[in-house]
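Novice: Quick check, what structure comes out for this input:
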Amino acid sequence: MSSQDWEAETFYTYAMELFSSAGHVATSKPEFINHSPERFAYFDNKHNVSLTREQRDMFREYNNISRLFSANGCVFFSINLLSNRLHRSQVAHNIHTTIHPLVGSSASICLFRCDNDVMLSFVGFGLQCLLSDWYPTIDDYDRLLHRLDIANMSISSGREYFIDMVYMLARGYYLSTKPMPNAIIPINYFSAAGIDGIDKETLNDYLERALTEPQHKYDCDYVDYDESYNTSTESISEELDLMLLEMDDEEDDNPFGEELDPEEEDDEDEFYDDSSDSVEKDQYEFENVDQEIFRDPTKMVKWLNSQ
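Specialist: Reported below is the predicted structural model:
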């Protein structure tokens, strides 16, 4: 076995030691170690998995998946990357984005290894995949350990714990909004500096360099925040629809838009009259509406919005 293979197979011990030294876990025994991507996707998780061909092709890009431990609503993994250095960050981003919905946790944190460097990635609590810098496993161990120290994170809730970890370790360009041009160059910048006659092309070049500074800094490791990835589940969507329905009921006592007689508005018993005449009226008024709508809150919300 080559030294690289041995280091890949024992990477989970490095990961456990790192998180233990930082105060996140007390045990040195992971939940499981060095599973293949196929075993992880199809056997280690309770969810029925349906992966695209592109996602299955990614199985060639990584191995030795270890589920380390769970803490404060977050589950921690270590993963060894097989990709080349040029694509390591994008590959790690894609892998974490793919596996997060499978793990059944509010948030997941992965420690990736590529050759002699490690990187953390974060997904959860409404945030898409965020990456940290890469750290050499030897030279930068203390710097990574300092940032990862549990003293930097709140443990009052899983969300605060996760967000604090993101704040301490995620790349700076994820945490700051892109500045507006007038914030980069104040309106009186050139006049105050005694510069006259600057042409538009030079100004545009200056602005472009300032706005794309993270891309130049990280080069091939730059990975933008992917807002197109949706971490919500069907159950969350249904809960949202029910919540919207409740809000509609509170804000509008007459969601069907009928004009009520003032006397009827004052008399709830009469308004909710369950007489045969009332039932017959409702039957004719909504006879063209699919009855399934009245049995499914989600469909009801969508129908109400369309009306």
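Novice: Is residue 75 in contact with residue 65, as I believe?
Specialist: No. Using C-beta atoms under 8 Å, residue 75 is not in contact with residue 65, being 12.0 Å away. Quick note: C-beta positions are derived from backbone N, CA and C, even for glycine.
Novice: Compare these two and say which is more crowded by neighbours.
Specialist: Neighbour count, other C-beta atoms under 10 Å: between residue 75 and residue 65, residue 65 has more, with 23 against 20.
Novice: phi, psi of the more buried one?
Specialist: The phi/psi pair for residue 65 (degrees, to the nearest 10) reads phi -80, psi 120.
Novice: Residue 96 versus that one, what's the distance?
Specialist: In this view, residue 65 and residue 96 are 11 Å apart by C-beta to C-beta, to the nearest Å.
Novice: Over to residue 11?
Specialist: 16 Å.
Novice: ditto for residue 46
Specialist: The value you get for residue 46 to residue 96, if C-beta to C-beta is used, is 19 Å.
Novice: Have a look at those two and say which one is more surrounded.
Specialist: residue 96 (23 against 8).
Novice: Which residue, other than its chain neighbours, is closest to that one?
Specialist: Leaving aside its chain neighbours, residue 96 sits nearest to residue 121 (4.6 Å; criterion: C-beta to C-beta, 6 or more residues apart in numbering).
Novice: Is the one you found in a helix, a strand, or coil?
Specialist: Following DSSP: H, G, I helix; E, B strand; the rest coil, residue 121 is assigned to strand.
Novice: so what's it bridging to?
Specialist: residue 110, residue 131 (DSSP bridges).
Novice: quick one: the strands in the stretch 101-250 of the chain?
Specialist: With strands called from DSSP state E, counting those that start in this stretch, the stretch 101-250 of the chain shows them at 107-114, 117-124, 127-131, 135-136.
Novice: what does stretch 90-97 contact?
Specialist: 58, 61-62, 79, 81, 83, 108, 110, 112, 114, 119, 121, 123, 128-129, 131, 223, 226, 229 (C-beta atoms under 8 Å, 6 or more residues apart in numbering).
Novice: tell me which residues in that stretch are buried?
Specialist: 90-97 (16 or more other C-beta atoms under 10 Å).
Novice: Alpha carbons only: can I get stretch 214-227 in PDB?
Specialist: The C-alpha trace of stretch 214-227 is given here as PDB (Å, rounded to 0.1, in the frame of the first residue of the first chain):
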ATOM      1  CA  PRO A 214     -12.100  36.800  -4.900                       C
ATOM      2  CA  GLN A 215     -11.900  35.000  -8.300                       C
ATOM      3  CA  HIS A 216      -8.300  36.100  -8.700                       C
ATOM      4  CA  LYS A 217      -7.400  35.300  -5.200                       C
ATOM      5  CA  TYR A 218      -8.700  31.700  -5.200                       C
ATOM      6  CA  ASP A 219      -8.100  31.100  -8.900                       C
ATOM      7  CA  CYS A 220      -9.200  27.500  -9.700                       C
ATOM      8  CA  ASP A 221     -10.400  27.000  -6.100                       C
ATOM      9  CA  TYR A 222     -13.000  29.700  -6.500                       C
ATOM     10  CA  VAL A 223     -16.600  28.300  -6.100                       C
ATOM     11  CA  ASP A 224     -19.500  30.800  -6.100                       C
ATOM     12  CA  TYR A 225     -22.500  30.400  -3.800                       C
ATOM     13  CA  ASP A 226     -25.100  28.300  -5.700                       C
ATOM     14  CA  GLU A 227     -28.500  29.800  -4.900                       C
END
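Novice: Quick one: mean pLDDT over it.
Specialist: Across stretch 214-227, the average pLDDT comes to 90.
Novice: Of all the residues in that stretch, which ones are buried?
Specialist: 218, 221-223, 225.
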